[in-house]
Each structure stands twice: as structure tokens, then as C-alpha cells.
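> Sharing a model prediction with you, sequence too.
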Amino acid sequence: MQPNPRQLTLLTEVQRQGSMTVEQLAEQLGVTLQTVRRDVQRMADEGLLTRFHGGVRVPSSTVENIAHQQRKDLHAEGKSRIASAVAAAVPNDCSLILNIGTTTEAVARALLHHSGLRVITNNLNVATILSANPKCEVIVVGGVVRGRDQGIVGEAAVDFIRQFKVDIAIIGISAIESDGSLRDFDFREVKVSQTIISHAREVWLAADSSKFNRPAMVEVARLSQIDRLFTDATPPTPFPALLADAQVRFEVAP
């Protein structure tokens, strides 16, 4: 499924609220109840939303992410804007680590015209994208390849990353909760991400607005461990205050 703009707006509203009735969605979107029910049914069939009597909510699972292709299609325009903002801030002739995620893959595409980059990644999709840039050296982390998204995880990946200290780690995340925690689903991926964070001089988080108030099982880090946040819309309450307290500089991609 490739959600149209109305369906993406519907999904974003439900993610922000946690749950909404069909009537609330119809009023918010300015469409008929029949249109909302049809959109909701399509997204529920894809596992993006969960229906209940009279309404819809975000999927309650904290242990399993949605499929890679679905994540790639969702909020693609916002991720593209985030990627452009990140790339504009990355200088030439620096070292980077990019982790697993569809947003970091978008960042890789936006870095194709940079020169003098040395990029370490545990994401085979990122490696494939950046290998097309002859002015960029790509170093692929060793470890177990996760077939569903081409991510590399496990203790071998952790040991490999410990050899390096890079200028900037550019990371994606599955969830940012209101207690200031950054979360993900696979504890093996989390171990790698934690190592990436500890082996970078600066940590930049690239996350679209759907990640705020989304639940996930495993804590990766705290907002206080992030230097910069790039997102596609102003974060909802209480995140602006949390970001200020954590002294995180955040940028909303134009």
C-alpha cells in the first residue's frame, strides 16, 4: 500500500492522539464517514492501524515494528525533507556512522554529492546507496544480516564499531516516548545503536514526527545523549520542553 496524502494525514492524526473515533477523523479531514471507514480498513489490513468499535488506534505492539517497505513508503516526503536538512549540515571530508532505518537510507541518498566522506554503516541499503558516490568511502560493519531490512546486528557488529571514533553518528529510531527515552524493537539492533552513540563525537537523530509518542520495547538512549534532532514538524507537547531541558538543538526541515 502507498498511502495517499489524505491517508497519511489520517495516520498522523491517529498517531498523535493515540486513538480517534471515525466521526472525529471525518470532521478533522473534511470527508465523509464512508471515506474514513474505507481508508481505515485499508490501513488496518496493512497493520498500520488497529480498529475498534467506532474508532481506530495505533497498533499496540511494543515488540515488533511494521515491515521495511511500509516504513519506507510512510512519511516518505517528510523523510526526504529531513534527509536534505541533515545533508546540508554535514560537512565534506568528515567521518560518519549511519545505522539501520528508512530515514538514514534517505539521508544516504541526500549525501550522494558530498566528497571526502568516510561512512561506516550496519545498513546494507545505506552501503549500496553510498557506494554509487566515487568520492565516498564506505565501510560495512560485520555481523548477522537481518533479511527483512538488510540491517546488520549482533555482537560481531558491536565489536567492529568499537574500533572507531567518528565525527558524527546519524541515527534513526523507532520511537521517542514522553519520558525522554529513545526506543526500538530488536535488542540486538539496540546494542549496536548504543555502541554507535558511544563512539561518535556528535550524535544527530533523524526522526519524522510519527515517532513521537510511539511505544517500543527496548530503550536505546535518552534525549540527553543526542546533540541535534532533525524532524519534519514541530514536536508535540511535552517534547519541546524535554528537548530544551536536554539541551538538544532541534531543526524542523523546511
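Looks like it arrived, so ask away. Numbers count the residues shown, from 1 in each chain.
> Only C-alpha atoms from now on, for both contacts and neighbour counts.
Fine.
> Quick check: mean pLDDT of stretch 128-147?
In this model, stretch 128-147 has a mean pLDDT of 95.
> Can you list the buried residues in that stretch?
129-131, 133, 135-138, 140-145 (16 or more other CA atoms under 10 Å).
> Show me the contact partners of that stretch.
Around stretch 128-147, the neighbours that count as contacts under CA atoms under 8 Å, 6 or more residues apart in numbering are 105, 108-109, 111-124, 127, 151-157, 160-161.
> now swap in stretch 80-88 and tell me
Stretch 80-88 is contacted by residues 103-104, 106-111, 206-208, 230-232, 252-254 when judged by CA under 8 Å, 6+ apart.
> quick one: residue 248 and residue 224, what's the gap?
Distance of residue 248 to residue 224, given as CA to CA, to the nearest Å: 7 Å.
> same deal with residue 57?
Distance of residue 57 to residue 224, computed by CA to CA: 30 Å.
> Look at these two and report which has more neighbours.
Using other CA atoms under 10 Å, the more surrounded residue of residue 57 and residue 224 is residue 57, with 20 against 15.
> Look up which residues are beta-bridged to the closest residue to residue 221 other than its chain neighbours.
Using CA to CA, 6 or more residues apart in numbering and skipping residues adjacent in sequence, the residue nearest residue 221 is residue 182, 5.3 Å away. Listed by DSSP bridges, the beta-bridge partners for residue 182 are residue 176, residue 221.
> Out of the buried residues of stretch 128-147, flag the one nearest to residue 18.
Of all the buried residues of stretch 128-147, residue 18 sits closest to residue 145, with 33.1 Å by CA to CA.
> how long is stretch 192-209 from one end to the other?
End-to-end for stretch 192-209, by CA to CA: 24 Å.
> Identify each buried residue in that stretch, please.
192-193, 195-200, 202-209.
> which residues of the stretch 1-150 of the chain fall in helices?
Applying DSSP state H, counting those that start in this stretch to the stretch 1-150 of the chain gives helices spanning 5-17, 22-29, 33-45, 68-73, 76-89, 102-110, 124-130.
> Which of those comes out lowest on mean pLDDT?
helix 68-73 (a mean of 53).
> Can you give the domain ranges for the chain?
Following automatic domain parsing, one gets these domains for the chain: 5-60, 69-252.
> Quick check: which of the ones you listed has the most neighbours on average?
Mean neighbour count (mean count of other CA atoms under 10 Å) peaks for domain 69-252 among the domains of the chain, with a mean of 20.
> Now find how far off-centre that domain is within its chain.
Relative to its chain's centre, domain 69-252 lies at 7 Å (CA atoms, centre = their mean, to the nearest Å).
> likewise stretch 36-53?
On CA atoms, centre = their mean, the centre of stretch 36-53 falls 22 Å from that of its chain.
> Then stretch 241-254?
In terms of CA atoms, centre = their mean, the centre of stretch 241-254 is found 16 Å from the chain centre.
> Output that stretch as CSV, nothing but the C-alphas.
The C-alpha coordinates for stretch 241-254 follow below in CSV (Å, rounded to 0.1, in the frame of the first residue of the first chain):
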residue,chain,number,x,y,z
ALA,A,241,10.4,21.2,26.9
LEU,A,242,12.2,17.9,27.1
LEU,A,243,14.5,18.9,24.2
ALA,A,244,15.2,22.2,25.9
ASP,A,245,16.0,20.5,29.2
ALA,A,246,18.3,18.0,27.5
GLN,A,247,19.9,20.9,25.5
VAL,A,248,19.2,19.2,22.2
ARG,A,249,19.2,21.6,19.2
PHE,A,250,16.3,20.6,17.0
GLU,A,251,15.5,21.6,13.5
VAL,A,252,12.2,21.3,11.6
ALA,A,253,13.1,20.6,8.0
PRO,A,254,11.6,23.2,5.6
